[in-house]
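Colleague: Return atomic coordinates for the entry below.
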Amino acid sequence: MSIVQAIRTVLFYLLLSSSAFVWGTLSLLIAPFLPYRARYRFIAQAWCKFAVWLASWMVGVRYELKGVENIPDQPCVILAKHQSTWETFFLTGYFEPLALVLKRELLFVPFFGWAMALLKPIAINREQPKVALKQIAKQGDECLKKGAWVLIFPEGTRVPTGQIGKFSRGGASLAVNANLPVLPIAHNAGHCWPKNGWAKYPGTIQVVIGPAMYAEGEGARAITELNQRAENWVIQTLRDMGELSADSAPQAVAEAS
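Modeller: Numbering: from 1, shown residues only. Got it, this is the predicted structure:
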């Protein structure tokens, strides 16, 4: 990374953290008096769109979106590839309202974390995966019934570029039980915003939204088949993008979703 890019990256982090403080403080003062959808737009959507714009302006991290026509009219379960923080910002800003599955520790972050708590996200304890899966099933179903999208990273953690983690069945199970489809999303954000380190690299992130997929039947077999179909689509799309080799196979990951 060049010296100029390093300076831009430091400035990006300073502006991002400053905006989180300012926006989080405003949200704590204003958002409690807003209805849920307006509260989501004020707290999460506006700031996340700002973060994506700031990344583009300051460090040259841009994006190209394909497959918008595949988005169903009714909110459903989003199963997205996970490589960085960028896709969390982007998807939170793009889909509205969206229930995000996140580590409960994030809600303790001063100001913005406290503001996020006002949106009642699905905050899980990743040290108790079995309890977390039950929580996702219960709260996720409630969110879907209220007309919110539910974002799940089925790999469970950020996986470096060139690799893919095994998809957990929690998202597919949630969709089948709610009689709704899953919406798979593939991207290569890790090239510009790597999993490890603070460096940011200029480039254009490719984001591809796949077709909405419905279960064929009911029960455990239908859940497994739907999950595998979504996983296969993401794998094939990443191969078409040149992100995975032809013999790449899902790997077990260290953390449960």
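Colleague: which stretches of the chain form strands?
Modeller: 61-66, 77-80, 98-103, 122-124, 149-152, 182-187, 203-209 (DSSP state E).
Colleague: Let me have these in CSV, adding mean pLDDT as columns.
Modeller: Output for those, formatted as CSV (pLDDT from 0 to 100):
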stretch, mean pLDDT
strand 61-66, 97
strand 77-80, 97
strand 98-103, 86
strand 122-124, 86
strand 149-152, 95
strand 182-187, 98
strand 203-209, 98
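Colleague: Between these, which one is closest to Ser18.
Modeller: Ser18 lies closest to strand 61-66 among these, at 18.6 Å (CB to CB). Using the backbone N, CA and C atoms, a C-beta is placed for each residue, glycine as well.
Colleague: Buried residues of that closest one, list them for me.
Modeller: 61, 63 (16 or more other CB atoms under 10 Å).
Colleague: report the angle between the axes of that strand and strand 182-187?
Modeller: On the basis of axes from the mean of the first three to the mean of the last three CA atoms, to 10 degrees, strand 61-66 is oriented at 140 degrees to strand 182-187.
Colleague: contacting residues around strand 61-66?
Modeller: 52, 55-56, 86, 90, 192-193, 200-209 (CB atoms under 8 Å, 6 or more residues apart in numbering).
Colleague: can you pull up the bridge partners for Pro184?
Modeller: Taking DSSP bridges as the rule, Pro184 bridges to Leu79.
Colleague: Could you report the separation of it from Gln236?
Modeller: As judged by CB to CB, to the nearest Å, Pro184 and Gln236 stand 10 Å apart.
Colleague: Repeat that for Pro35.
Modeller: For Pro35 relative to Gln236 (CB to CB), the value is 41 Å.
Colleague: hang on, the earlier thing: compare Pro184 and Gln236 and say which one has the larger neighbour count.
Modeller: Neighbour totals were compared for Pro184 and Gln236, and Pro184 leads with 28 against 13 (other CB atoms under 10 Å).
Colleague: Might you report the residue contacts of that one?
Modeller: Counted by CB under 8 Å, 6+ apart, Pro184 has contacts 79-80, 209-211, 213, 230, 233-234.
Colleague: could I get the strands of the chain as JSON lines with distance to Asp240?
Modeller: Formatted as JSON lines, the strands of the chain follow (distance: least, CB to CB, whole Å):
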{"stretch": "strand 61-66", "distance to Asp240": "11"}
{"stretch": "strand 77-80", "distance to Asp240": "17"}
{"stretch": "strand 98-103", "distance to Asp240": "27"}
{"stretch": "strand 122-124", "distance to Asp240": "32"}
{"stretch": "strand 149-152", "distance to Asp240": "23"}
{"stretch": "strand 182-187", "distance to Asp240": "9"}
{"stretch": "strand 203-209", "distance to Asp240": "9"}
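Colleague: Ok, which of those strands comes nearest Leu14?
Modeller: If you check each of those against Leu14 by CB to CB, strand 61-66 wins as the nearest, at 16.2 Å.
Colleague: what separates the closest one from the chain centre, distance-wise?
Modeller: 15 Å (CA atoms, centre = their mean, to the nearest Å).
Colleague: Let me know the angle separating it from strand 203-209.
Modeller: Here strand 61-66 runs at an angle of 30 degrees relative to strand 203-209 (the same axes, to 10 degrees).
Colleague: Make 53 the first number, not 1, from now on.
Modeller: New numbering, starting at 53: the last item is strand 113-118.
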